[in-house]
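**Student:** no letters, just coordinates:
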């Protein structure tokens, strides 16, 4: 009985302990808010424990005795079933995250595992603890979204973060940093910091190492440097250190910061700086400045260039309103202009006007003011005015000078025996000299105001000239037909001078011409013949000869007239225009000579004419010839002649001079700063012969290596653009090379683009043992003593313009001149008069100069006859000498050369009196 009582007592105690355990379990489950299931191996729920909280969509007790698929449906229960299969098969726990209507939230984590008895044996039961993690999931999603937003912001701003863990010595780089550095990954065996240092530009690497080595001591400082990405791009990077993380002992645990790609900002800043610099330079060059006037604040600001224009400092600007400032320096005679535009500030409008100022230094300047932009208040009143001021003094002075000299030029054009016209921008005649009016068959007052293109040009030529007016680009020389009153068409060769307005548009075109109708017909006949027999070498020489003559004849008129006008003491502006005309004519003549020289060389008809000459004098003359051109470009000409070189040599100084001239001309042409040099150095010498090395060098643009082999080819230049930039035929170096080869030598060239070019060649000369006064070319009278009184000369030429030009120069030298317009007339004049010299044209109708000279020589064998012709071919030269002429001069002639050849035959009156 006592045993039964003890047993009952024991059962009661156990039952009480069980109830206490259940209470504790319920309390624990309620505190955890979890749901616990027990399943058998058939996945049927045997029991469940859960907190008694409301809000669950499904009551866990409904699962007892059922499979989860019966409660949740097959699709939603599938993940649970798969997990239980794993536990049953492998007897090991598994954890799943699952979204379901089960529980109070949408997300939970379920931990499933096998159930063992006290002996550790598997009971074929499965426990599942389900925890609601909806809040944690929501926080995790929000955190992920924030991280994505941060990454997106970093990507947009090209910013990445980094930190360095002091204890682990590891460096962390955010994903955006990899993108900035254009790196997919960093090799595992390479420290990230070392990898980054290797990307830093070599110029910045040392500074970067110092910065990062001392980063814990430098505060929140910023450091900029360049990196070179693996793809080869150069980027500008800004590094900013953040706050240091320290432990409780004050030791640094972590260093963090940000890194930003500032390449675009850096490049934009550079572009802005360059643009600002270029703007200031442009304003300085154009003498233009901008101003900004805040009317409400009465505050005036303007650029430095306006201060330079007014010759005042910024302080003077700050102390004045724009009205006071402009009125203070306005020219007394122009103040009414300012008052008119500034009298009512509230009604100021977009406008532009010109007026004069007197600067504090006393300089009178012309200014152009433009009111470019008006900013208004809501009520329409002007609150700010923006505009520009430009110093237009040079342009206005040029306009004044132009108007002052226009009548003088028209007077010159009226007196010359050449056609001359001026037309406005629309082609209307505003000037026509008597000579041109006579050709057309009109009186001057009948044609002024008529449209030149519509009235006097054939219809097929109007379009071409109209395009010139529209495009604002006129040919310097052209040939056109004109329709005369009687219906006849005459062909005129024109030389044009174009004046432009301040906008670059044509304002006026002045043309001087020559009636070449008959000559052009002859030329056309030659061109037709050329087309039939162009492959013939003989025909080519004949064609070049005739074309040379036909080009040189009008060139003689143009250059001769220019030289005459230059000798008439022109005004400075006239001198400028005449020098331009002379320079252009001489350039065209040089091109013609180049073509003829090259043709002679190609035909093998050019031989060296060796005579004694002074090498030092030749070099000095060449330097002097180019001195003015060098001065214009602010270049130095360095001439050195080795003292060991004999002074007098035997050679062709004309062709040698041509070689040096060509090289020196090119050197000056392609050099914009620095100097050009001519060096003559002795290489070898003995009693009979010396070898001289000639070197012409410059500090110019140089020649690219690929073009060095081409520059001696005919019609070639170092760049195909150079013929536009610098002019020329491209024959100069080809001729130079051939002339040096005639001297049994070669030319070498060394060049470095951007630094300069050096040409060298060596020539051997025989030494002149003894020099007599007559052995060297006689020197003509000096420019100071240009008088040949008592000398009588007959000029024979069928071209009246050539007669007039030659006669005018001869008369300037006190020569008595007679003129003959044909060979027949010249023969008769020689019979009845005594002449000291005859100047003979070669190509004349009926009786040419050769035949005329032969007839004169029969009765007057001693009269010197000088050929003056437009034919520069060597065959013609030889033919003239064979006909009995003593000298030869080509048109257009240089007055100094003509005087020198004539003076060689002049005998003063006192010497004539001494002769027996």
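**Tutor:** Right, received. Where do you want to start? Since the structure is predicted, the reported quantities are computational estimates derived from the model, not experimental observations.

**Student:** what segments of the stretch 551-700 of the chain are strands?
**Tutor:** Taking DSSP state E, counting those that start in this stretch as the test, the strands found in the stretch 551-700 of the chain are 611-614, 636-641, 648-651, 675-685, 689-698.

**Student:** right, so of these, which gets closest to residue 83?
**Tutor:** Each of those was scored for nearness to residue 83 using Cβ to Cβ, and the closest is strand 689-698 (91.2 Å). Glycine gets a C-beta too; all of them are placed from N, C-alpha and C.

**Student:** so what strands line up beside that closest one?
**Tutor:** Strand 689-698 pairs in its sheet with strand 675-685 (antiparallel), strand 756-767 (antiparallel), by DSSP bridges.

**Student:** can you find the helix or strand of the chain with the lowest average pLDDT?
**Tutor:** helix 722-725 (a mean of 47; mean pLDDT, DSSP states H and E).

**Student:** C-terminal to that helix, what's the next element?
**Tutor:** Next in sequence after helix 722-725, counting helices and strands by DSSP states H and E, comes helix 732-742.

**Student:** got the angle between that following helix and strand 689-698?
**Tutor:** Interaxial angle, helix 732-742 versus strand 689-698 (axes from the mean of the first three to the mean of the last three Cα atoms, to 10 degrees): 170 degrees.

**Student:** what's in contact with the helix or strand following helix 732-742?
**Tutor:** Later in the chain than helix 732-742, the nearest helix or strand by DSSP H and E is strand 747-752. Contact with strand 747-752 is made by 702-703, 708, 711-712, 736-737, 740, 757-761, as judged by Cβ atoms under 8 Å, 6 or more residues apart in numbering.

**Student:** now the angle from strand 747-752 to strand 689-698?
**Tutor:** Using the same axes, to 10 degrees: strand 747-752 against strand 689-698 is 30 degrees.

**Student:** would you agree residue 354 falls within a strand?
**Tutor:** Yes: using DSSP: H, G, I helix; E, B strand; the rest coil, the assignment for residue 354 is a strand.

**Student:** for the closest residue in space to it that isn't next to it in sequence, name its beta-bridge partners.
**Tutor:** Closest residue in space to residue 354, ignoring its immediate chain neighbours: residue 368 at 5.1 Å, by Cβ to Cβ, 6 or more residues apart in numbering. For residue 368, the beta-bridge partners are residue 354, residue 390 (DSSP bridges).

**Student:** so what's residue 368 up against?
**Tutor:** 352, 353, 354, 389, 390, 392.

**Student:** buried only: go through those for me.
**Tutor:** For the contacts of residue 368, a neighbour count by 16 or more other Cβ atoms under 10 Å gives the buried set as 389, 390, 392.

**Student:** in this structure the first one contacts residue 306, no?
**Tutor:** Yes: Residue 389 sits in contact with residue 306 when judged by Cβ atoms under 8 Å, with a separation of 5.3 Å.

**Student:** residue 41: which of the strands paired with strand 689-698 is closest?
**Tutor:** Per Cβ to Cβ, nearest to residue 41 of the strands paired with strand 689-698: strand 756-767, 99.5 Å.

**Student:** any idea of the mean pLDDT for that closest one?
**Tutor:** Averaged over strand 756-767, pLDDT sits at 94.

**Student:** name the element residue 806 belongs to?
**Tutor:** helix 800-812.

**Student:** which helices and strands does whichever helix or strand comes after that helix pack with?
**Tutor:** Remark: after helix 800-812, the chain's next helix or strand is strand 816-820, criterion DSSP H and E. Applying 3 or more Cβ pairs under 8 Å, 6 or more residues apart in numbering; DSSP states H and E, one finds that strand 816-820 makes contact with strand 792-796, helix 800-812, helix 823-832.

**Student:** let's see 10 Å
**Tutor:** The contact analysis (3 or more Cβ pairs under 10 Å, 6 or more residues apart in numbering; DSSP states H and E) places strand 816-820 against strand 792-796, helix 800-812, helix 823-832, strand 837-840.

**Student:** point out the most buried one among the ones you listed.
**Tutor:** strand 837-840 (a mean of 26; mean count of other Cβ atoms under 10 Å).

**Student:** okay, now the sheet partners of that one, with direction.
**Tutor:** Sheet pairing for strand 837-840, using DSSP bridges, gives strand 792-796 (parallel), strand 865-869 (parallel).

**Student:** nearest to residue 509, of those strands?
**Tutor:** Comparing the strands paired with strand 837-840 by Cβ to Cβ, strand 865-869 comes nearest, at 32.6 Å.

**Student:** now the angle from the closest one to helix 800-812?
**Tutor:** Using the same axes, to 10 degrees, strand 865-869 lies at 130 degrees relative to helix 800-812.

**Student:** for strand 865-869, the averaged confidence score.
**Tutor:** Across strand 865-869, the average pLDDT comes to 90.

**Student:** relative to the whole chain's centre, how far out is that strand?
**Tutor:** Put simply, strand 865-869 sits 49 Å off its chain's centre (Cα atoms, centre = their mean, to the nearest Å).

**Student:** immediately after that strand, which helix or strand?
**Tutor:** helix 874-882.

**Student:** counting by contacts, list what that next one packs against.
**Tutor:** By 3+ Cβ pairs under 10 Å, 6+ apart, helix 874-882 packs against helix 537-566, helix 572-602, helix 849-859, strand 865-869, strand 887-890.

**Student:** remind me which residues of the stretch 501-650 of the chain are low pLDDT?
**Tutor:** For the stretch 501-650 of the chain, the stretches flagged by pLDDT under 70 are 529-553, 555-557, 579-580, 582-606.

**Student:** can you check the stretch 751-900 of the chain too?
**Tutor:** 770-785.

**Student:** and if we set it to 90?
**Tutor:** Counting by pLDDT under 90, the stretch 751-900 of the chain has low-confidence residues at 768-787, 799-802, 804-806, 808-809, 842-846, 868-883, 887-898, 900.

**Student:** OK, contacts around residue 673?
**Tutor:** Remark: with contacts taken as Cβ atoms under 10 Å, 6 or more residues apart in numbering, residue 673 is in contact with 633, 634, 635, 699, 700.

**Student:** and the residues you listed, which two are the farthest apart?
**Tutor:** 634 and 700, at 13.3 Å, using Cβ to Cβ across the contacts of residue 673.

**Student:** more crowded one of these two?
**Tutor:** Between residue 634 and residue 700, counting by other Cβ atoms under 10 Å, residue 700 is the more crowded of the two (23 against 9).

**Student:** backbone dihedrals for the more buried one, please?
**Tutor:** The phi/psi pair for residue 700 (degrees, to the nearest 10) reads phi -90, psi -150.

**Student:** what's the local residue count around the residue nearest to it when sequence neighbours are not counted?
**Tutor:** With sequence-adjacent residues excluded and distances taken as Cβ to Cβ, 6+ apart, residue 700 is closest to residue 671, at 3.4 Å. By the criterion of other Cβ under 10 Å, residue 671 has 21 neighbours.

**Student:** where does residue 671 land on pLDDT?
**Tutor:** If you check residue 671, the pLDDT there is 93.

**Student:** also the one 4 residues further on?
**Tutor:** Per-residue pLDDT puts residue 675 at 94.

**Student:** for it, give me its contacts.
**Tutor:** The contact partners of residue 675, taken as Cβ under 10 Å, 6+ apart, are 630, 635, 636, 637, 638, 667, 697, 698, 699, 700, 756.

**Student:** go with 6 Å
**Tutor:** Going by Cβ atoms under 6 Å, 6 or more residues apart in numbering, residue 675 touches 635, 636, 638.

**Student:** from residue 338, how far off is it?
**Tutor:** 50 Å (Cβ to Cβ, to the nearest Å).
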